[in-house]
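J.: Need coordinates for the following:
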Amino acid sequence: MKKKFTFLNCYFLSILFSLATCSNESGELDEYNKTDIKGTKTWDQEVETLTHDSLVREYVLYIPSNYDESITYPLMLNFHGFGGEAGQYISYADMRSLADTENFILVYPQGTLSSGFPHWNPSLPSSDNKSDVDDLGFVEALIRELSSNYNIDLERVYACGFSNGGMMAYGLAQHKSELIAGIASVSGVMLESDVKPIHPMPVLIIHGTLDGVLPYSGNGYYNSIQHIIDFWRDFNNINTDAKYNSETINGTIIEHYLFESGDQGVSVEHYKVNGGDHVWFDIQYQGNVTATLIWDFLSKFDINGLID
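T.: Prediction:
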């Protein structure tokens, strides 16, 4: 049995790892030194603001180029990692062209600062979080704000993220499942919680076997990726064996596990990147980059399960 791990543990270990390596392929921590993105342009997107819980919160919003207010659109929330900045994160976790071709609204929320580093609190207020900022409530308010301004299909709201952003996606699945149709985590892990979703939850997990921040096999603080897969298989009542495939790309073996036929037709899917580090992966499994793998998986589901 693994110990219950907390975001505080993740914070200190991720900082030590980042300082020890002095580099991070995804740009987390190393390139971030701004404390406020309000009023600036990040990449080529304007920064939007929303006041929640007496805090001015920020996010980068992308509306597909062919937006038609008479049509409902899915919403994709994409969360940066610890120390990240939404506009910089877009440069390597870019879903904008995909939003144009697949017709969904895309938002990159900005985490608040803690000890100089932006972060996400994926749990209910407790010592599991790094601060007392209500990020779960912020996301709920953000969805409400966006749906009042755009024609959003509230049965097709998805959450994905990298590292601490992946934790946030898991946290939304646990604590705000009435709002979330499915989630995807890239190099992230799930915090322990007694709270479970109110409906079957499709989950996609992409993780490297040599992740030095959130280890694939777990340790005294973190549950293993296998433990997380088993949790969601059990929760979704998936009793079938995985459909397995693999592909070698530039010497990297990527194993694909698909667990299907859960309650309401939901699935759990896992890409195991052998030798993969703690990054948002620049991979093309069967010709599809990470962003496309995420969309192709999540878009099959709404909050009621598999879309007919």
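J.: Need the residue in the protein that's farthest from the chain's center.
T.: Ser70 (28.8 Å; CA atoms, centre = their mean).
J.: Helix, strand, or coil at it?
T.: Recorded secondary structure, Ser70: coil (DSSP: H, G, I helix; E, B strand; the rest coil).
J.: Pull the contacting residues for it.
T.: Residues near Ser70 by CB atoms under 8 Å, 6 or more residues apart in numbering: Asn151. C-beta coordinates here come from the backbone N, C-alpha and C atoms, glycine included.
J.: For it, give me phi and psi.
T.: Backbone geometry at Ser70, expressed as degrees, to the nearest 10, gives phi -80, psi -10.
J.: Just the pLDDT at it, thanks.
T.: For Ser70, the model assigns a pLDDT of 97.
J.: roughly how far apart are it and Pro64?
T.: 14 Å (CB to CB, to the nearest Å).
J.: could you check the distance from the residue farthest from the centre of the chain over to Asn151?
T.: Ser70 is 7 Å from Asn151, by CB to CB.
J.: Over to Asn245?
T.: The gap separating Asn245 from Asn151 is 37 Å, by CB to CB.
J.: same question, Val213
T.: 39 Å.
J.: Check Met201 too.
T.: 25 Å.
J.: same deal with Asp241?
T.: In terms of CB to CB, Asp241 sits 41 Å off from Asn151.
J.: Mind checking which of the two has more residues around it?
T.: Asn151 (13 against 9; other CB atoms under 10 Å).
J.: Surely that one touches Thr72?
T.: Yes: Asn151 is within contact range of Thr72, at 5.2 Å (criterion: CB atoms under 8 Å).
J.: tell me what the helix or strand where Glu140 lies is packed against?
T.: Using DSSP states H and E, Glu140 sits within helix 135-149. The contact analysis (3 or more CB pairs under 8 Å, 6 or more residues apart in numbering; DSSP states H and E) places helix 135-149 against strand 45-52, strand 55-62, strand 73-79, strand 105-109, strand 152-162, helix 164-175.
J.: buried stuff in whichever helix or strand comes after the third one?
T.: So the one you mean is strand 73-79. Downstream of strand 73-79, the first helix or strand assigned by DSSP H and E is helix 86-90. Using 16 or more other CB atoms under 10 Å as the test for burial, helix 86-90 gives Ala86, Gly87, Gln88, Tyr89, Ile90.
J.: Tell me which residues touch Leu298, please.
T.: Met76, Tyr158, Cys160, Ala181, Gly182, Ile183, Ala184, Pro202, Leu204.
J.: Just the closest of the residues you listed to Tyr221, please.
T.: Ile183 (21.6 Å; CB to CB).
J.: Tyr271: how many residues sit nearby?
T.: 23.
J.: Look up how far Glu255 lies from the closest residue to it other than its chain neighbours.
T.: Excluding the flanking residues, the one nearest Tyr271 by CB to CB, 6 or more residues apart in numbering is Ile206, at 4.5 Å. Taking CB to CB as the measure, Ile206 falls 11 Å from Glu255.
J.: coming back round to it: any idea of the mean pLDDT for the helix holding Glu140?
T.: Per-residue scores along helix 135-149 average to 97.
J.: Just want the angle from that helix to strand 73-79.
T.: 150 degrees (axes from the mean of the first three to the mean of the last three CA atoms, to 10 degrees).
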